[in-house]
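Colleague: build me a model:
(3 chains)
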Amino acid sequence: MPELPDVENFRRKVERCCSNLTISDIVIADPASFEGSPTDARRRLDGRRLDRVQRHGKYLFLDFGEGNVIVMHFGPAGSLAAIKPGEEQPAYVRVRLDFSNGEQLAYINRRRIGRVRLVNSVDSFLSEMKIGPDVLDPAFDLARFRACLAGRNRAVKLILTDQTRMGGIGNTYSDEILFHARINPATEAGALDARGSNRLFRSMQTVLRTAVDLDPTTDGFRERLPARFLMPNRHPGGHCPRCGTELRQMKLASHTSTYCPHCQPVPSPPC
DNA sequence: TTAAGTGTTGCTCT
DNA sequence: AAGAGCAACACTTA
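Modeller: Here you go, the predicted model:
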């Protein structure tokens, strides 16, 4: 379920493996996973060199220069693999970039939710899609974070996961962040006081940076997580790693939210 | 065996 | 007009 920490590690992988390589072919194994014309893509990309790899929210951008940017979105089940010459092809490769040195970059997606497309620029794509600021961008500071929450009567969790307000957080990490900040997912966003919104902002940065550093795209991620993380305990019947209380589930906008009823009490309604 | 659960985006409906 | 609800997808669990 690639959210910001996963996609950031995909970005680093591509930067490590594919920087400055030249495209020799683009293989669209599943046309439904590619938006646009394969012929046009091949014509535009053939012989181009990978200049820059960027991430914004959950989106990954491979910039080949002169208005040729590949955008990848991974949905709930997508991933990325660098394949060396002679190495076996992984399952569910939907789109593959072949480079002139024999290296391949495979966009993998078991379920076909998520897409690869070719766009003219990162900025025009983001504004067209109405994607909000990346949550780990230094420009996205406490004041801007608070502006996203202010005056909203929606559940705070729905603001955290609203990509048009802020980009990068999905269901799993929003639960983790709210657990870290000890805030109930259903708390009205606008009802958070200054201390609460500050705590939530700090928790967002701490949780996401920790996950990025531990690299969720490699084996053993769960075992490397700090003992007080919610993630390894999210299964039904799991217990709070902080106080031992049995965790509870609630549905918010048809998504499962896991929380600790003791550490994240439902805010008492105003009298 | 069938049905529900999983999570993201994008659509429709209000 | 913001927000709710569901469809798409494919595979797993009850």
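Colleague: how about the residues of chain A by DNA strand B?
Modeller: Contact residues, chain A versus DNA strand B (CB under 7 Å from any atom of the strand): A:1, A:3, A:57-58, A:73, A:75-76, A:111, A:113, A:129, A:161, A:163, A:170-172, A:249, A:254-256. In short, each C-beta sits where N, CA and C put it, glycine included.
Colleague: ok, now with 6 Å
Modeller: Chain A comes close to DNA strand B at residues A:1, A:3, A:58, A:73, A:75-76, A:111, A:113, A:129, A:163, A:170-172, A:255-256, as judged by CB under 6 Å from any atom of the strand.
Colleague: go back to the residues you listed and keep what's next to DNA strand C.
Modeller: Okay, of the residues of chain A next to DNA strand B touching DNA strand C (CB under 6 Å from any atom of the strand), that's A:111, A:113.
Colleague: which positions in stretch A:9-21 come out as buried?
Modeller: By 16 or more other CB atoms under 10 Å, the buried positions in stretch A:9-21 come out as A:9, A:10, A:11, A:13, A:14, A:17, A:18, A:21.
Colleague: any idea which element the second one lies in?
Modeller: Per DSSP states H and E: residue A:10 is located in helix A:4-18.
Colleague: and that helix, what does it pack onto?
Modeller: Under the contact definition 3 or more CB pairs under 8 Å, 6 or more residues apart in numbering; DSSP states H and E, helix A:4-18 sits against strand A:52-56, strand A:59-63, strand A:78-83, strand A:104-109, helix A:194-214.
Colleague: ranking those by burial, who's on top?
Modeller: For these, the largest average neighbour count (mean count of other CB atoms under 10 Å) is found in strand A:104-109, namely a mean of 23.
Colleague: partners of the helix or strand just after that strand in the sheet?
Modeller: As assigned by DSSP H and E, the chain's next helix or strand after strand A:104-109 is strand A:116-119. Note on strand A:116-119: by DSSP bridges, its sheet partners are strand A:34-35 (parallel), strand A:69-73 (antiparallel).
Colleague: DNA strand C contacts on the stretch 51-200 of chain A?
Modeller: For the stretch 51-200 of chain A, the residues in contact with DNA strand C (CB under 6 Å from any atom of the strand) are A:110, A:111, A:112, A:113, A:152, A:154, A:158.
Colleague: do you know how far residue A:226 is from residue A:207?
Modeller: Between residue A:226 and residue A:207 the computed distance is 10 Å (CB to CB, to the nearest Å).
Colleague: do residue A:58 as well
Modeller: Distance of residue A:58 to residue A:207, computed by CB to CB: 16 Å.
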